[in-house]
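Chemist: need coordinates for the below:
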Amino acid sequence: MKLGTKYIHAGTEPDPSTGAIMTPIYQTSTYVQEAPGVNKGFEYARSQNPTRKALEDAYAQIENGKFGLAFGSGVAATDAVIKLLSPGDEVIAANDMYGGTYRLFTKVFAKYGIRFTYVNTSNLAEVEKAISKQTRLLWIETPTNPLMNITDIAAVAAIAKKNSVWLCVDNTFASPYLQNPLDLGADIVMHSATKYLGGHSDVIQGCLVMNDADLREQLYFIQKSCGAVPGPMDCFLVLRGIKTLHLRMQRHCENGEKVAHFLRNHPKVGRVYWCGFEDHPGYAVASKQMRGFGGMMSFTLKDDSVDNAKRVLSSTRVFALAESLGGVESLINHPASMTHASIPREERIKNGLSDSLIRLSVGVEDAEDLIEDLNRAIG
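Modeler: Below is the predicted model of the structure:
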């Protein structure tokens with residue numbers, strides 16, 4: 001089945017009682033049982049909900065997986081993965097990653113005896129060298145947030161398999177339209193569905209997708225027991241968003257390419273971080289494992305001062321200065337003070353994230369308007 005057809009029909013069937021083509025919003029907390037322990041597959045809405053089940057089935061289908069699980073946010077999904085571990089276990093994670101993930105790792109789980117080691121996952125030798133007898137999980141983003149570094153998923157999956165550790169890939173920046181990590185050997189795929197999957201900046205949600213039935217049962221137990229589940233209205237919104245994922249991602253990619261080349265050719269712009277440039281260090285790998293290069297990018301100015309960056313950030317009219325990404329509207333962001341503020345400055349600088357870096361989520365507006373907006377703001 002082609003991608004567009006899959007996204008429109010994933011997880012959904014006409015409602016058997018009415019024929020409604022859209023999955024109903026089952027706004028209920030509990031379900032009447034025919035007899036004690038005899039039910040229609042649903043007992044209590046924290047454990048199961050028909051709207052959520054349809055979405056979880058859709059998650060699995062669009063990531064070419066067998067099992068999907070929905071969570072109240074991307075961070076809640078990440079939290080569930082780390083809860084697979086025990087004190088003394090180690091996680092090898094990317095040194096360029098979303099600040100909220102770093103905060104969860106260092107401020108919440110580290111105090112429970114789980115150790116986190118951060119490496120450049122684009123460098124396979126670094127990944128292999130970092131693995132110890134205590135390593136249980138490799139956690140990667142590709143492309144990374146916000147420096148757009150690329151990791152070879154198949155190669156890291158081979159390292160994980162050789163060492164009997166799990167590989168989880170945060171696929172938020174790429175979306176299933178551009179990349180399917182399970183096909184490349186990953187054990188778990190995580191999304192902040194708030195972003196491209198929802199696509200309209202109107203819902204907070206996360207998901208996990210996997211193929212292994214035992215792993216699914218462990219994660220479902222955590223989902224059910226800890227209760228970080230989304231409500232049925234949120235599930236309905238993401239189900240609706242998935243139906244247009246292919247259309248939106250095509251436009252994100254087209255606009256992203258135009259904006260990236262505009263920025264690279266602007267006399268006042270310094271470096272542009274976008275994995276679609278042929279001279280990007282990860283271009284060959286990205287071309288191999290992705291179907292396109294997306295609408296996420298970052299850049300610096302030649303006058304590389306924080307004040308100049310803040311002037312640009314506050315001067316756009318079409319690009320909205322806001323957290324998040326992946327919606328139909330274009331967003332501009334200052335990672336050092338917004339999405340990555342929880343990472344200590346010395347760590348950010350060491351990993352190449354400067355105080356003046358600007359991140360863009362290029363939306364689906366007319367590209368000419370986006371370029372005009374940036375050109376005027378940069379001056």
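
Chemist: can you tell me how far the nearest residue to Gly326 once chain neighbours are set aside is from Gly379?
Modeler: Once flanking residues are discounted, Gly326 sits nearest to Lys195: 3.0 Å by CB to CB, 6 or more residues apart in numbering. Just so you know, the C-beta spots here come from the backbone N, C-alpha and C atoms, and that holds for glycine as well. Remark: distance between Lys195 and Gly379 (CB to CB, to the nearest Å) = 30 Å.

Chemist: more crowded one of the two?
Modeler: With neighbours defined as other CB atoms under 10 Å, Lys195 and Gly379 compare such that Lys195 has more, 22 against 11.

Chemist: helix or strand: which one has that one?
Modeler: Taking DSSP states H and E as the definition, one finds Lys195 inside no helix or strand.

Chemist: contacts for the longest helix seen in the chain?
Modeler: Selection of the longest helix in the chain by residue count, based on DSSP state H, yields helix 245-265. Identification of contacts with helix 245-265 by CB atoms under 8 Å, 6 or more residues apart in numbering yields 3-4, 7, 62, 175-178, 196-197, 199, 269, 272, 274, 276-277, 292-297, 299, 328, 360, 362-365, 367, 370-371, 374-375.

Chemist: narrow those residues to those in helices?
Modeler: Using DSSP H, those in helices are 3-4, 7, 62, 175-178, 367, 370-371, 374-375.

Chemist: buried subset of these, written for ChimeraX?
Modeler: Command for ChimeraX that selects the buried part of these, burial taken from 16 or more other CB atoms under 10 Å:
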select :7,62,175,176,177,178,367,370,371,374
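
Chemist: for the ones in helices among the contacts of helix 245-265, name the two members farthest from one another.
Modeler: Within these, Ile62 and Asn375 form the most distant pair, 36.0 Å apart (CB to CB).

Chemist: and the ones in helices among the contacts of helix 245-265 as CSV, adding pLDDT and distance to Lys83?
Modeler: Below are the ones in helices among the contacts of helix 245-265 laid out as CSV (pLDDT from 0 to 100; distance: CB to CB, whole Å):
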residue, pLDDT, distance to Lys83
Leu3, 92, 32
Gly4, 93, 36
Tyr7, 94, 30
Ile62, 98, 25
Ser175, 98, 25
Pro176, 98, 24
Tyr177, 98, 29
Leu178, 98, 29
Ala367, 98, 43
Leu370, 98, 41
Ile371, 98, 45
Leu374, 98, 42
Asn375, 98, 47
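
Chemist: closest one of the ones in helices among the contacts of helix 245-265 to Asn149?
Modeler: Nearest member of the ones in helices among the contacts of helix 245-265 to Asn149, counting by CB to CB, is Leu178, at 15.6 Å.

Chemist: in CSV, list the ones in helices among the contacts of helix 245-265 along with distance to Asp89.
Modeler: Output for these, formatted as CSV (distance: CB to CB, whole Å):
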residue, distance to Asp89
Leu3, 37
Gly4, 41
Tyr7, 36
Ile62, 30
Ser175, 30
Pro176, 29
Tyr177, 33
Leu178, 31
Ala367, 46
Leu370, 44
Ile371, 48
Leu374, 45
Asn375, 50
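
Chemist: for the protein, what spans make up the strands?
Modeler: In the chain, the segments counted as strands under DSSP state E are 67-71, 90-94, 115-119, 135-141, 166-170, 188-192, 206-210, 269-273, 296-301, 320-321, 331-333, 358-361.

Chemist: now the ones you listed in a markdown table, with mean neighbour count and distance to His246?
Modeler: A markdown table is the format used below for these (neighbours: other CB atoms under 10 Å; distance: least, CB to CB, whole Å):
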| stretch | mean neighbour count | distance to His246 |
| --- | --- | --- |
| strand 67-71 | 24 | 18 |
| strand 90-94 | 24 | 28 |
| strand 115-119 | 17 | 34 |
| strand 135-141 | 23 | 22 |
| strand 166-170 | 25 | 20 |
| strand 188-192 | 29 | 16 |
| strand 206-210 | 28 | 18 |
| strand 269-273 | 19 | 25 |
| strand 296-301 | 23 | 17 |
| strand 320-321 | 16 | 24 |
| strand 331-333 | 22 | 21 |
| strand 358-361 | 26 | 18 |
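
Chemist: could you dump those to a markdown table with distance to Pro281 and mean pLDDT?
Modeler: A markdown table is the format used below for the strands of the chain (distance: least, CB to CB, whole Å; pLDDT from 0 to 100):
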| stretch | distance to Pro281 | mean pLDDT |
| --- | --- | --- |
| strand 67-71 | 33 | 98 |
| strand 90-94 | 15 | 97 |
| strand 115-119 | 16 | 97 |
| strand 135-141 | 16 | 98 |
| strand 166-170 | 19 | 98 |
| strand 188-192 | 24 | 98 |
| strand 206-210 | 28 | 98 |
| strand 269-273 | 11 | 97 |
| strand 296-301 | 15 | 97 |
| strand 320-321 | 29 | 98 |
| strand 331-333 | 23 | 97 |
| strand 358-361 | 19 | 98 |
